[in-house]
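Undergrad: Here's a sequence, model it:
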Amino acid sequence: MHWRDTYDRSPKIIRFALVGCAGFCVDTGVLYLALYVLEMSYYGGRIISYAIAASSTWYMNRRFTFADTRNDNRLREWMRFVTLNLFGGGVNYGVYAAYISMHAGSSAVPAVGVALGSIAGMLVNFYLSRRLVFNVRPDTDLTGP
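TA: Predicted structure coming up:
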């Protein structure tokens, strides 16, 4: 059995979580670049890293998690994904910011904050993605003509 066969049969929440792990790596990598190369603040760097991670997870979810229900209009789907996932992103950022404010000073702190925020926002984002982003077929697009 090929790994892809097992992956295709796994529940969407598991696939969403696996994509989320990849998104965590993107988020954390970009955050550390923003902090230590661009010399941004913990908060400004996280806004940039979250935006890039959200776009990468949209693409990965489109290809792997919700491939059977994705929309043909990529730009519209991406805009819907990013906009609706701002709710989970707000939870994510709030947990991150709270953790950073309590533990600033350690170089390991940003990654821990990103992880805690990601876990907190994941369920909100899964629900919104499943119900309002990747459930729309091209012939039933909710945004109209």
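Undergrad: Run through the neighbouring helices and strands of the helix or strand containing V26.
TA: According to DSSP states H and E, V26 maps onto helix 12-36. The criterion is 3 or more C-beta pairs under 8 Å, 6 or more residues apart in numbering; DSSP states H and E, and the helices and strands that helix 12-36 contacts are helix 42-60, helix 109-128. Glycine gets a C-beta too; all of them are placed from N, C-alpha and C.
Undergrad: what's the angle between the last one and helix 12-36?
TA: To tie it back to what came earlier, the one meant is helix 109-128. With axes from the mean of the first three to the mean of the last three C-alpha atoms, to 10 degrees as the criterion, the two stretches helix 109-128 and helix 12-36 enclose an angle of 150 degrees.
Undergrad: Show me what helix 109-128 is packed against.
TA: If you count contacts as 3+ C-beta pairs under 8 Å, 6+ apart, helix 109-128 packs onto helix 12-36, helix 42-60, helix 86-103.
Undergrad: out of everything not next to it in sequence, what's closest to the residue nearest to the spatial centre of the chain?
TA: Within the chain, one residue has its C-alpha closest to the average C-alpha position: by C-alpha atoms, centre = their mean, that is A54, at 4.1 Å. In this structure, A54 finds its nearest non-sequential neighbour in V82, 5.5 Å apart by C-beta to C-beta, 6 or more residues apart in numbering.
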